[in-house]
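Student: this one's structure only:
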């Protein structure tokens, strides 16, 4: 009887031991395919979007960003919510918007345009920040020894079409012009950067250049009038204030018969004759891909190089060209109405 009892006890101990071993084996089983390959399934994210002002270019960049990031995260089984705020062209509003995002603890901030990026830079050093539609990051962020990365929580995409090609395009269209008026907003450092860069390029081509800077939307019409009186051609860089005031500019330049070469498609659509333009929706998509890499793959903005739109296109405004009697050469695409 004792032998039977001892055998039963030993059998029970062995059963428990086997069960424990079985449990340990299951925890050491190979991970799922995604984990084994170092991939991370997407989770749930909130992204704050601060857009400086509403106009076609910035709207397209924001939409492209949302479209691409949503596509990528949902493909991984995750979700993303966007809190989109418009600063109505006021830097102070950008600061308030960014502070709200920081307080609510968003996972990432998209800063659309330079003033938004500067506010985000001042608002947080912890939350990842991506800029878009920013012309020059070294200028915007006050980085003198610019190398292509910020070394901070900031990266993003730039909307600068090559300025040497813009100067060449202006010369191609208006080889007989003598004077070029450089029209821009003095409150936008990236606009000043573009003017300072393209001015010597135009002067090398034989043009006499004069700067005409407006402080804000209130004096756009009067400054444009002065520019028309002194210029054969006007050049407007990628400039948010100009982009939001194209009707006021058009109402001056078209009656004055002064053609405008613009730094981007939205300005050209409103008041210009031609532009070397990027696709802002495409630029936003590139930014969305960068956001995915940060949120899902753990990429570090500090080491992510600033990216650019892959393509530029020579475009013309058919209506204004017709009004001014200008026929673009071959290779220009009409801007769709």
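Tutor: Arrived safely, thanks for sending. Note that the coordinates shown come from a computational prediction; the quantities given were computed from them, not determined experimentally. Numbers count the residues shown, from 1 in each chain.
Student: Give me the most central residue, this structure.
Tutor: Geometric centre of the chain, nearest residue: residue 132, 1.5 Å, by Cα atoms, centre = their mean.
Student: Would you confirm that it contacts residue 154?
Tutor: No. Counting by Cβ atoms under 8 Å, residue 132 does not reach residue 154; the two are 11.8 Å apart. The way it works is simple: take the backbone N, C-alpha and C, and place the C-beta from them, glycine included.
Student: Which parts of this structure are helices?
Tutor: 2-27, 33-36, 56-75, 91-104, 114-123, 137-141, 163-173, 189-204, 220-230, 240-243, 246-253, 265-271, 280-295, 318-324 (DSSP state H).
Student: With respect to residue 150, which of the ones you listed lies nearest?
Tutor: Between residue 150 and the helices of the chain, the shortest separation by Cβ to Cβ is 6.4 Å, and it involves helix 137-141.
Student: which secondary structure elements does that closest one contact?
Tutor: When contacts are defined as 3 or more Cβ pairs under 8 Å, 6 or more residues apart in numbering; DSSP states H and E, helix 137-141 sits against helix 114-123, strand 129-134, strand 154-158, helix 189-204.
Student: where does the chain dip in pLDDT?
Tutor: 1-41, 337 (pLDDT under 70).
Student: domain assignment for it?
Tutor: Structurally, the chain divides into domains by automatic domain parsing as follows: 44-159+280-305, 163-277+313-334.
Student: The shortest one: end-to-end distance?
Tutor: By Cα to Cα, to the nearest Å, the extent of domain 163-277+313-334 from end to end equals 21 Å.
Student: ok now it, how far from the chain's centre?
Tutor: Relative to the centre of its chain, domain 163-277+313-334 is centred 22 Å away, using Cα atoms, centre = their mean, to the nearest Å.
Student: now the longest one
Tutor: Per Cα atoms, centre = their mean, the displacement of domain 44-159+280-305 from the mean C-alpha position of its chain is 7 Å.
Student: give me the number of residues near the closest residue to residue 55 other than its chain neighbours?
Tutor: Sequence neighbours aside, residue 243 is the residue nearest to residue 55 in space, at 4.4 Å (criterion: Cβ to Cβ, 6 or more residues apart in numbering). When neighbours are counted by other Cβ atoms under 10 Å, residue 243 registers 28.
Student: And for the one 5 residues further on?
Tutor: Around residue 248 there are 17 other residues, counting by other Cβ under 10 Å.
Student: residue contacts, residue 165?
Tutor: Counting by Cβ atoms under 8 Å, 6 or more residues apart in numbering, residue 165 makes contact with 276, 312.
Student: what's the answer for residue 98, then?
Tutor: Contact analysis of residue 98 by Cβ under 8 Å, 6+ apart lists 48, 50, 109, 111, 116, 119, 120, 122, 123, 124.
Student: do that again at 7 Å, thanks
Tutor: Residue 98 makes contact with 50, 109, 119, 120, 123, according to Cβ atoms under 7 Å, 6 or more residues apart in numbering.
Student: The last one: neighbouring residues, count only.
Tutor: By that I understand residue 123. For residue 123, using other Cβ under 10 Å, the count is 23.
Student: my read: it touches residue 99, true?
Tutor: Yes. Using Cβ atoms under 7 Å, residue 123 is in contact with residue 99, at 5.9 Å.
Student: ok, back up a step: which one of the helices and strands packed on helix 137-141 lies nearest to residue 169?
Tutor: Among the helices and strands packed on helix 137-141, helix 189-204 comes nearest to residue 169, with 11.0 Å by Cβ to Cβ.
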